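> heads up, no residue letters with this:
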Ligand SMILES: Nc1ncnc2c1ncn2[C@@H]1O[C@H](COP(=O)(O)OP(=O)(O)OP(=O)(O)O)[C@@H](O)[C@H]1O
């Protein structure tokens, strides 16, 4: 038995979020560009008002000339009442343009975020889907779902607000500094003495955010994994009255999740106020010095004078600097949360699923299968489950595989689909190593009915036609009849349009098996693998299905695993496995004559039947 791994945040990437965004950017960077430019214009305009008010203030109350940088002096009236009307009109115009650019930037940033997320989500899902079975064996479904869902949602939170916060914050910062420099550059230097401290504190909190968010993302994956397995196994939970025990397990994990979330939240709680406190202190010191300067007409070593009309907008811009400081804290929290999520998404993508491009396509195979010296142990285990197997199966031959539970029958068949690669030896179809064949063409060439067939949520028709292009109704019905499914399907109210619930819970095991058989018969592949395909079907129905299958599989290579020996009795050859080794093979009669393991198994079953 193998131990489950957790999907952890890979740590080797310097800028995981940027790497992920760059990989998935598509053609959407243009939207981000429009968002940045329009947001920059909107914020610059919105900071302009106080500057103009300061100029107007000095013109009206301090008898200074009313001039606006870059604005033609001839357009500015000389009369104070007209100056007031002019100022109000100018400010209204600026606000309207600011509004237009603001709407445009929201629109562009939202489009950028949603389109990028869509691509990241689909890419992540596509990667996960193509990963080898090893991955799914070693990771819990809930943990994988958590990458596809909650990690992508953490990215969404950042992409929704992050770019706009960064641009707005930077624009307020730059425009405020420019206006402050225009008003009084010496006072500006005083206000900025706090900047390095703010920087250092923000980066310290940023590191705390990242560490805490890594924990939150991992705990979310763990909790999702537990919830998923509990709900999937709800029948067993109920059968063993395990509800209280399961609730306790969920409660324990949920409590751990709560604690790590709380620690992450505590970083937030301390981050913003610390930054605001420092920015507030800088504001008060600047106000004190500025007021002294206005009152005394000079201050310390500084040259020139400072008017009230300069100090008021200056203080406004000093106060405005608190916003970028707050945004920086908010942005850092979101960014670090998204970085932790990006690390997990990237660590899944790094698993590098095998791609079909460089492989050989498989066209009209004869169905000649050979296993040469195949040995294997499941990843994460030291125990070999297949030992040095050699089999040659001729085109058109039907071979039955029998043996005690855990003997390695299903594992042996999985190599044929390249679900797993053998540790030693090769599995070839028509002389080509299956590892060199394109997965798609290989898997389309072999119709596979697994032990516990899975039905997708949807109609019966959709389940039967899964993986097959447009199919006529009578072909579907013919496949269902051959699989012994038509009778029960026609008795359902909606017939072939009846919905089957998640995992086909509304159907019995035998009914699901019959739909799975119909699915492969409809696909009409050149080879078949039936792994306990009729184990849940009653004996009478099995005989009927077997007759149809004998007809369909007569000229096609077919591998059949069965515990019920009557299922394989008429195959061309029966291979008996024990602890991953072939211990006997031959026809039913030959094996009975041999009086070995197969004969024992047969006698037990015949004895059981005759009882
Ligand atoms: N995904 C897996 N990871 C680790 N070990 C596995 C995995 N699947 C099967 N095994 C182990 O490999 C061995 C062979 O399993 P396999 O399913 O091939 O046996 P089987 O002969 O088909 O059994 P059964 O008749 O019960 O279906 C068993 O010991 C099983 O515990």
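Yes, it's here. Owing to the predicted nature of the structure, the values given are computational and were not obtained by experimental measurement.
> use CA for all of it now, contacts and neighbours both
Noted.
> can I assume residue 366 sits in a helix?
No - in this structure, residue 366 is coil, not part of a helix, as judged by DSSP: H, G, I helix; E, B strand; the rest coil.
> contacting residues for the residue nearest to it when sequence neighbours are not counted?
Leaving aside its sequence neighbours, residue 366 sits nearest to residue 395 (CA to CA, 6 or more residues apart in numbering; 5.7 Å). Residue 395 sits next to 366-369, 555-557 when contact means CA atoms under 8 Å, 6 or more residues apart in numbering.
> residue 324 sits in which helix or strand?
helix 322-349 (DSSP states H and E).
> state the next helix or strand along the chain beyond that helix.
strand 369-377.
> could you list the buried residues of the very next helix or strand once past that following strand?
Going down the chain from strand 369-377, the next helix or strand is strand 384-393, by DSSP H and E. By 16 or more other CA atoms under 10 Å, the buried positions in strand 384-393 come out as 385-387, 389-390, 393.
> now do stretch 391-409
Of the residues in stretch 391-409, those buried (16+ other CA under 10 Å) are 393-403, 407-409.
> do stretch 119-138 as well
119-121, 123-125, 127-128, 131-132, 135, 137-138.
> repeat for stretch 427-442
For stretch 427-442, by 16+ other CA under 10 Å, it's 427-429, 432-439, 441-442.
> those residues in helices, which ones?
439, 441-442 (DSSP state H).
> which one of the residues you listed sits closest to the ligand?
Checking those against the ligand by CA to the nearest ligand atom gives residue 439 as the nearest, at 19.4 Å.
> pretty sure that closest one contacts residue 418?
Yes - if you go by CA atoms under 8 Å, residue 439 and residue 418 touch, sitting 7.3 Å apart.
> what's downstream of the strand or helix carrying residue 92, the next helix or strand?
Per DSSP H and E, residue 92 falls inside helix 80-130. Using DSSP H and E, the helix or strand that follows helix 80-130 in sequence is helix 133-138.
> packing partners of that next one?
Using 3 or more CA pairs under 8 Å, 6 or more residues apart in numbering; DSSP states H and E, no helix or strand is in contact with helix 133-138.
> that helix near the ligand at all?
Yes - Helix 133-138 is in contact with the ligand by CA under 6 Å from any ligand atom, via residue 137.
> now do that helix, average pLDDT.
The average pLDDT within helix 133-138 is 75.
> same question for stretch 115-126.
86.
> isn't residue 206 up against residue 331?
No - under the criterion of CA under 8 Å, residue 206 makes no contact with residue 331, lying 9.6 Å away.
> what is the subsequent helix or strand relative to the helix or strand residue 216 falls within?
Using DSSP H and E, residue 216 sits in helix 195-232. Next along the chain after helix 195-232, taking DSSP H and E as the criterion, comes helix 234-239.
> most surrounded residue in the contacts of residue 395?
residue 367 (24 neighbours; other CA atoms under 10 Å).
> for it, what are its contacts?
394-396, 429-430, 526-527, 556-557.
> how close does the closest residue to the ligand within the stretch 51-200 of the chain get to residue 450?
For the stretch 51-200 of the chain, the residue closest to the ligand is residue 137, as judged by CA to the nearest ligand atom, at 5.1 Å. Separation of residue 137 from residue 450 (CA to CA, to the nearest Å) stands at 16 Å.
> near the ligand, which residues of the chain?
Residues of the chain lying near the ligand (CA under 6 Å from any ligand atom): 1-2, 137, 378, 385, 405-411.
> just those: which are in helices?
Those of the residues of the chain next to the ligand lying in helices (DSSP H): 137, 409-411.
> picking up where we left off before, closest to the ligand out of the buried residues of strand 384-393?
Using CA to the nearest ligand atom, those come closest to the ligand at residue 385, 5.2 Å.
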